[in-house]
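A.B. asks: Build me a model:
(one chain, ligands or ions: 1)
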Amino acid sequence: MEKMLNIALPKGRLGEKVYKMFGAAGFPCPEILETNRKLTFENPDAGVRYFWVKPSDVPIYVERGAADIGVAGKDILMEYQPDIYELLDLKTGKCRMISAAPEGYVDNPQRTLRVATKFAGIAGRYYASIGREIDIIHLNGSIEIAPILGLSDIIVDITETGTTLRENNLKIIDTIAYISARLIANKSSFRFRREMIDRVFKGLTAQTEADP
Ligand code: PRP
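C.D. replies: Okay, here's the model as predicted:
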């Protein structure tokens, strides 16, 4: 029997949504949605083994071949630029990468801009592309409080509903990128396990078309 396809899914709400797409695409493994601490699940009949990993770790598993395919946010792919194939926009987990500042903030282009972010790579490349000198303050979460406390002038972060920005009196300055979940593949798996990956790809494509 052919060995199972290893699939890395991002742990959390997005991962559950995405798993449901895989299930509906013909690769179910219902046990995965039972609430417990188990991290790997397999359905030998469907030829798949799923595992939950931290969202920002998905590209590492896929790039190194521990997973044949996986699902990662475009933000994570932009930040880490892993050496993988990006196969499909799953059209879910949609949000925006933005820069934002406190209401009333007036920029002084002569000064180095202090930018708080989890996405140092994205922020660095973005400001380099517009020729602005910045000082990056790399944080791990709750980015929105950095300008409130005077730690930074602005932030670069993702926004989905806009609630967090609003509740912290921040206004969007620029949209840096539109983000959504992507199906990614290990380069060698894509070559040697092409038939199985194509079946998953087709099943998921049908899902994205069914639920635009
Ligand atoms: C993300 C992001 C914003 C928030 C945006 O944070 O960093 O803080 O969601 O969502 P909204 O526009 O719908 O309010 P996350 O929940 O991942 O936590 P974090 O503070 O650890 O980054």
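A.B. asks: residues contacting residue 94?
C.D. replies: Contacts for residue 94 (C-beta atoms under 8 Å, 6 or more residues apart in numbering) come out as 160, 178-180. Every C-beta, even on glycine, is put in place using the N, C-alpha and C of the backbone.
A.B. asks: closest to residue 168 among those residues?
C.D. replies: Nearest to residue 168, judged by C-beta to C-beta, of the contacts of residue 94 is residue 160 at 14.6 Å.
A.B. asks: what's around the closest one, how many residues?
C.D. replies: By other C-beta atoms under 10 Å, the residues close to residue 160 number 11.
A.B. asks: now swap in residue 63 and tell me
C.D. replies: Neighbour tally, residue 63, other C-beta under 10 Å: 17.
A.B. asks: and what of the one 3 residues further on?
C.D. replies: For residue 66, the tally of surrounding residues (other C-beta under 10 Å) stands at 15.
A.B. asks: Give me the pLDDT value at it.
C.D. replies: Residue 66 is assigned 98 on the pLDDT scale.
A.B. asks: quick one: low-confidence ranges for the protein?
C.D. replies: For the chain, applying pLDDT under 70 flags the ranges 1-2, 211-212.
A.B. asks: Secondary structure element for residue 60, which one?
C.D. replies: Residue 60 belongs to helix 58-63 when assigned by DSSP states H and E.
A.B. asks: What parts of the chain come near the ligand?
C.D. replies: 141-144, 157-164 (C-beta under 6 Å from any ligand atom).
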